[in-house]
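Visitor: 3D, please:
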Amino acid sequence: MGEQKFNILVEQDEDGVFVANVPSIPGCYSQGKSFEEVVNRIKEAITVCIESEERDVVPMKFIGL
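Guide: Modelled structure (predicted):
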């Protein structure tokens, strides 16, 4: 499989923890104490989520907010 790009939504909760999810991969979430940590962790989570999927995951195209 070639390189894929995914949109990632990162939010910070009331305790200061960063929470990331990938809207195009249901159930693909991660968290970290810093932005850098959560980005590294969500990259790992994407790999695990894609490998566990029985079908190909097609990234959604980001349009705007």
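Visitor: element containing Glu36, please.
Guide: helix 35-52 (DSSP states H and E).
Visitor: Let me see the contact set for the most centrally placed residue in the chain.
Guide: Taking Cα atoms, centre = their mean as the criterion, Val22 is the residue nearest the geometric centre of the chain, at 3.6 Å. Going by Cβ atoms under 8 Å, 6 or more residues apart in numbering, Val22 touches 6-9, 28-29, 42, 45-46, 49. Just so you know, the C-beta spots here come from the backbone N, C-alpha and C atoms, and that holds for glycine as well.
Visitor: and what of Gln31?
Guide: Counted by Cβ under 8 Å, 6+ apart, Gln31 has contacts 17-20, 38, 41.
Visitor: Drop anything exposed from those residues.
Guide: Neighbour counting with 16 or more other Cβ atoms under 10 Å marks 18, 20, 38, 41 as buried within those.
Visitor: With pLDDT as extra columns, can I get the residues you listed in CSV?
Guide: Formatted as CSV, those follow (pLDDT from 0 to 100):
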residue, pLDDT
Phe18, 97
Ala20, 97
Val38, 97
Arg41, 97
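Visitor: Can you tell me what sits against stretch 3-18?
Guide: 19-25, 31-35, 37-39, 42, 46, 50, 57, 59-60, 62.
Visitor: Let's see that with 7 Å instead.
Guide: Residues outside stretch 3-18 that contact it (Cβ atoms under 7 Å, 6 or more residues apart in numbering): 19-25, 31-35, 38, 42, 46, 59-60, 62.
Visitor: Just the buried subset of the contacts of Val22, written out for PyMOL, thanks.
Guide: Command for PyMOL that selects the buried part of the contacts of Val22, burial taken from 16+ other Cβ under 10 Å:
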select buried, resi 6+8+28+29+42+45+46+49
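Visitor: Dump the contacts of Val22 into TSV; add pLDDT as well.
Guide: Below are the contacts of Val22 laid out as TSV (pLDDT from 0 to 100):
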residue	pLDDT
Phe6	91
Asn7	93
Ile8	95
Leu9	96
Cys28	94
Tyr29	94
Ile42	97
Ala45	94
Ile46	93
Cys49	89
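Visitor: before we move on, the earlier item: what's near enough to touch the nearest residue to the residue nearest to the centre of the chain once chain neighbours are set aside?
Guide: Once flanking residues are discounted, Val22 sits nearest to Cys28: 4.2 Å by Cβ to Cβ, 6 or more residues apart in numbering. Taking Cβ under 7 Å, 6+ apart, we find Cys28 in contact with 21-22, 45-46, 49.
Visitor: Alright, calling it a day.
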